[in-house]
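> Fold the following for me, if possible:
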Amino acid sequence: MNKRAITAGAIFAGLAVIFGAFGAHTLKEKFQMPADQLAIFDTGVRYQFYHSFALFVSGMLFASYPVRQLRLAATFFIIGIILFSGSLYAMTVLRTGGAGLGPIGIITPIGGLFFILGWIFLLLGILRTK
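You can find the predicted model right below:
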């Protein structure tokens, strides 16, 4: 589990750099995305970065303290990144392309809930260690 969490953290952090550059250069300059939409995209990038580091922490802790709560924390962080940040990326790109949002907006708070669960289980895992 620790290797999976740390690997996922590295992948998601690298992707956050790529998405951040894409937002700052391509969406802003080439597609002239409005500032309010860029802010939404940037929120996705920022939260992806935060939770990539949370994955590193979860994985490193799990290596020394292999408790179930730390494994769940990492899993919840991964799901949260995909749902929360992914839905924000999809919403902004779809709006830029002129497409409707459909049910994508409801996914964002579900992803946020997984982030919260990840932090709760990270805390529980830390408290469970000796």
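> Pretty sure G59 sits against A5.
Yes - between G59 and A5 a contact is recorded at 3.2 Å, counting by C-beta atoms under 8 Å. In this view, the C-beta of every residue, glycine as well, is placed from N, C-alpha and C.
> between these two, what contacts are shared?
With contacts taken as C-beta atoms under 8 Å, 6 or more residues apart in numbering, the residues that reach both G59 and A5 are A74.
> Could you pick out the longest helix of this structure?
Among all segments of the chain classified by DSSP state H, the helix with the greatest residue count is helix 35-64.
> Okay, buried residues for it please.
For helix 35-64, a neighbour-count test (16 or more other C-beta atoms under 10 Å) marks 37-38, 40-42, 44-45, 47-49, 51-52, 54-59, 61-62 as buried.
> mind listing what L27 touches?
In this structure, L27 makes contact with 33, 37-38, 41, 92-93, 96, judged by C-beta under 8 Å, 6+ apart.
> For V67, what are phi and psi?
Dihedral angles of V67 (phi, psi; degrees, to the nearest 10) stand at phi -100, psi 150.
> quick one: average confidence on stretch 115-123?
Regarding stretch 115-123, the rounded mean pLDDT is 98.
> now for the helix or strand bottoming out on mean pLDDT in the chain, which elements pack on it?
Confidence across the helices and strands of the chain bottoms out at helix 86-96, with a mean of 87, counting by mean pLDDT, DSSP states H and E. Where contact means 3 or more C-beta pairs under 8 Å, 6 or more residues apart in numbering; DSSP states H and E, helix 86-96 is packed against helix 35-64, helix 107-128.
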